[in-house]
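Q: Got a sequence here, can you build the structure:
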Amino acid sequence: MTQLKQQQCTVCRPGAAPVSDAELDRLLPELAGWQLEVRDGVKQLEKQFRFPNYAQSMAFTQRVAELAEAEDHHPAILTEWGRVTVTWWTHTINGLHINDFICAAKTDQLAEQ
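A: Next comes the predicted model:
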């Protein structure tokens, strides 16, 4: 994960290649607790983060939103009392790009703050 969280996202244009199955098998174990989800045929990375209260859930959500703006890469975020679910995938290619793994690693880093 150390390598991933130090990288910057690149511009992902329509037609860019999604990560291969071999890359997925190599990268996913680097992201503790992240799960591969497939929704409507689209591969996504998802993780649920737990917090002791709603205020801390909201504060984490704001940090993820700031990361998304900085990286120009935006996840789905579900904020609930004591829990935030973050889902990364690349809309442009309807699948997973290296950017999703980079942002997932950075999301983990934000959760540690």
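Q: Could you use CA atoms for every contact and neighbour count after this?
A: Fine.
Q: What ranges does this structure have for its helices?
A: Under the criterion DSSP state H, helices of the chain are mapped to 2-5, 21-27, 54-71, 98-111.
Q: Out of those helices, which is closest to Thr79?
A: With C-alpha to C-alpha as the criterion, Thr79 lies closest to helix 54-71 of the helices of the chain, at 6.5 Å.
Q: who touches the closest one?
A: 8-9, 50-51, 74-75, 77, 79-84, 103, 106-107, 110-111 (C-alpha atoms under 8 Å, 6 or more residues apart in numbering).
Q: And that helix, what's buried?
A: Tyr54, Gln56, Ser57, Met58, Phe60, Thr61, Val64, Ala65, Leu67, Glu71 (16 or more other C-alpha atoms under 10 Å).
Q: Looking at these, which is nearest Ile93?
A: Glu71 (16.9 Å).
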